[in-house]
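Undergrad: sequence-free structure coming up:
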C-alpha cells in the first residue's frame, strides 16, 4: 500500500494553483472582446428559431380553420 500522506522531496501542492492563476492572468487583450462579440451569434439563432416556430404554429392554425 502506498504512503500518500507524507510526500517525498520538495513537492509544492500550491505550485499547480499558482501556475494556473498565472495562465489565467495571461489572457490576451482581444480575448474578452472576442467573447463579447461571439455571444450575439446564439442570440440571433434563438430569435430566428422563435420566429420560425411562430410561423409554423400560425400556418397550422390557419390550415385547421380553413
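TA: Yep, that arrived. Keep in mind that what you see is a predicted model, and the values were worked out from it rather than measured.
Undergrad: If you average pLDDT per helix and strand, which one of this protein comes out bottom?
TA: Least confident helix or strand, the chain: helix 31-38 with a mean of 54, by mean pLDDT, DSSP states H and E.
Undergrad: Which SSE is immediately downstream of that one?
TA: helix 40-65 (DSSP states H and E).
Undergrad: where does the protein dip in pLDDT?
TA: Residue ranges of the chain with pLDDT under 70: 1-14, 27-41.
Undergrad: can you count the residues close to residue 65?
TA: 6 (other Cβ atoms under 10 Å). C-beta coordinates here come from the backbone N, C-alpha and C atoms, glycine included.
Undergrad: again but with residue 25, I slipped
TA: 7.
Undergrad: So it versus residue 18, what's the distance?
TA: In this view, residue 25 and residue 18 are 11 Å apart by Cβ to Cβ, to the nearest Å.
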